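Trainee: quick one, fold the following:
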Amino acid sequence: MRTRRTAGTLAAAIIAASAMASPTAQANPLNAAADTAPPETFETAGGTVVLPTGDRVTVLPNGNASIEPAEGREDIGFVTPQAFDGSDELIAVPFDMVDDIEAGLEDPRRYNVTRLLGAGQTDAGAAPASALDDRAYTGLLPDPTGESGTVADEAQKFSVILRDRTGGVPDDSWAMWATRDGSDFGGFAIDADGVGSEAFMPGDYIIVTQFRRAPTDTERGELVLGITPVTVGDGQGQLLVDATTAQPVSAEVERDDAVYVGAPISYGALSRKDESFGLAASAVAEAGSDIYLMPEPDLPEFELSLMYQPTFLSPEGSADPYTYNLALGELDGFPADTEYAFTDDELAQVETHLHDLGAAVRGHTCDYGDFVERQTGIGLCRRVPVAFPSTHTMLYTAEPGISWEHSAKGGIYAEGTQRIVDGFVDDRTGVVYEPGRTERTVVKGPFSAGAPVVARSADEAGGHLIGGLLYPGFSVGGESLAQVGFDGTMSLSRDGRLVSETEGVQRFVMDMPAEPGRYTLAAESVFSGTTSVFAAASSQSWSFDVGEMPEEGYEYLDLPVVSLGIEGAEGGWVDGDEPVEVTLQAMAGAPYAPVEVESMTFEVSYDDGRTWRNVAIERDGGTAAGVLCPPRRAEFVSVRMTAVDTAGTEVAHTTIRSFGLA
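Mentor: Here you go, the predicted structure:
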């Protein structure tokens, strides 16, 4: 066996190679690359917002989110209502702020996490007013009409009355309404007596309610959720929401020492006639509170849904750590029985091997489950602290209708945040489990270039820009793992003449001429962190043709890379005592899609790029395979690939220390 090298300072030569750019995404990468964006992070559409209360809300790379209450606020809980316009905006409001927002004493815009991150704001309390959402709000949510609920003279007063399971007034409460045809929305301001009143035009409505009683030193708290149809104009002037009629929502697991740590829960009604219309709400129940669901409403023209996601952890300091991640509920109607109980054999028991990249680090996992058919929850997942390396048993709901998204981070965090600045992030989606035992490896390797997210656009000042996100160290061998912590430079050339350049590679933005032509985008990178011995240096370039610059909006540049795969790689290492079979795949975009190429080459180096050897490959379209026979004393393998796709884009990239030989 060969000796593994541990992480540390590496004086590696930065190699020069000619090559060009890459893919597609949902958010404008020019915004992600703005000066306000945190550098050197894989969280392309995410980040952490500190709410005015000190609670932290983190949006993860896959769009999911997690909430970390401030010290002493662990049992407060949150309401996370869906935006009236059906968008995916994440609005996270601690329950002890709801009354102040409804009374106009607290600014609801400081709890719209999506809008704050989009404006580059991470401290909601300190964000300047000019950076806040410019829409009018009705209570917790933006006013969909901009008219603040103006009604005609024939409107009638309608009241909603909320009572907890003791018959008393809830400590915190929240309610919203919608016409059953989707023509209007609004919210109730709930007073100190648990009553909210609005002037309604005669017609059919849906009222969504959510209220809670806080836990005490001697009694558990409660969270009560409900959807109720009402008709205004038939003599009914009020709705009593009586929590004594609600059924408990709970889960039990097999392991007696499992510690329940809380659950996000989402519920809603989606129109069967018009899928653009629905009313839904979400909340986070902490460990000290029980959840109750009001009886299923009679709403045949709506598809009701419930998604309940409790998490259980092994006791602190356990020698055999484990986590239960459950996704429970129903997509068409409320479940008849919401008191769930499971044995381990009914779940997927995934022995998860967490590897490091040369240096032991701390980190966390965050797992989110929802329906395969459509997402009904808001993407909140529980961050679970883990060590790299270690083995952690993860237990998941194993049903064909439930799909899981997994996120794992390891390394060094920016102070006071959940943002990795030196380490790695793994993000995978669409995992459907079957019951039984299985294994998963987090951090596999080998490493090469990841398909970048690059776009060009005209800016508001009349200039023209190119920008996006680059991944100098990336692994797609059954994972989507990016190294974080690269320094380097980017350059843009046209017809061989330098146009612009900038420092920083993982997020970048540069000037770009509006004229059509053939351009070359190139990056030179060095891993400046201390957590990895892999992808020590990287060179990437793309040569591509573009037409006229778009006058407005932005245009993605589909720039490919050649990914590298090796079966059995773990933690960046492969068995070097036998020939190493490698696979190559040209790909672009996000999510990554195969690309057809007209040519491809592959070279390797066993001396950190000082000398190179050509590797014979058998290519079929954009896929190729080859075999390496490393010298006996080799420790690391560096790789260099080139390809030309069917659009004429030329790509070349080099990775020093793509993988190690064990």
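Trainee: and the longest helix that the chain contains, what other elements does it pack with?
Mentor: Looking across the chain with DSSP state H, the single longest helix is helix 95-102. Other elements packing on helix 95-102 under the criterion 3 or more Cβ pairs under 8 Å, 6 or more residues apart in numbering; DSSP states H and E are strand 78-79, strand 172-179. Where C-beta positions appear, they are placed from N, C-alpha and C, glycine not excepted.
Trainee: pLDDT averaged over it - what is it?
Mentor: Across helix 95-102, pLDDT averages out at 86.
Trainee: so which residues make contact with it?
Mentor: 52-53, 76-79, 93, 106-108, 111, 139-140, 171-174, 187-190, 212 (Cβ atoms under 8 Å, 6 or more residues apart in numbering).
Trainee: return the set of buried residues in that helix.
Mentor: 95, 97-99, 101-102 (16 or more other Cβ atoms under 10 Å).
Trainee: what does stretch 368-386 give?
Mentor: Quick answer for stretch 368-386 (16+ other Cβ under 10 Å): 368-371, 375-384, 386.
Trainee: same thing with stretch 551-570?
Mentor: For stretch 551-570, burial by neighbour count (16+ other Cβ under 10 Å) applies to 554, 556-566, 569-570.
Trainee: next: stretch 613-628.
Mentor: Neighbour-count burial for stretch 613-628 [16+ other Cβ under 10 Å]: 615, 617, 619, 622-624, 626, 628.
Trainee: any idea how far residue 247 is from residue 339?
Mentor: 8 Å (Cβ to Cβ, to the nearest Å).
Trainee: all helices for the chain, in order.
Mentor: 29-32, 95-102, 113-118.
Trainee: where does the stretch 151-300 of the chain have low pLDDT?
Mentor: In the predicted model, the stretch 151-300 of the chain carries pLDDT under 70 at residues 151-153, 234.
Trainee: run through the strands of it in chain order.
Mentor: In the stretch 151-300 of the chain, the segments counted as strands under DSSP state E, counting those that start in this stretch are 156-163, 172-179, 185-188, 195-200, 203-213, 221-232, 238-242, 247-252, 259-271, 278-285, 289-293.
Trainee: and if you look at the stretch 551-662 of the chain?
Mentor: Secondary structure of the stretch 551-662 of the chain (DSSP E, counting those that start in this stretch): strands at 554-556, 561-565, 573-574, 580-588, 593-594, 597-605, 613-614, 617-620, 623-628, 636-645, 650-661.
Trainee: mean pLDDT and distance to residue 439 for the ones you listed - can I get that in TSV?
Mentor: Compiled in TSV, the strands of the stretch 551-662 of the chain are given as follows (pLDDT from 0 to 100; distance: least, Cβ to Cβ, whole Å):
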stretch	mean pLDDT	distance to residue 439
strand 554-556	88	37
strand 561-565	96	19
strand 573-574	96	17
strand 580-588	96	21
strand 593-594	88	27
strand 597-605	97	29
strand 613-614	97	35
strand 617-620	97	30
strand 623-628	97	25
strand 636-645	98	25
strand 650-661	98	21
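Trainee: could I get those as CSV with distance to residue 496?
Mentor: Below are those laid out as CSV (distance: least, Cβ to Cβ, whole Å):
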stretch, distance to residue 496
strand 554-556, 23
strand 561-565, 23
strand 573-574, 39
strand 580-588, 24
strand 593-594, 31
strand 597-605, 22
strand 613-614, 27
strand 617-620, 29
strand 623-628, 30
strand 636-645, 18
strand 650-661, 13
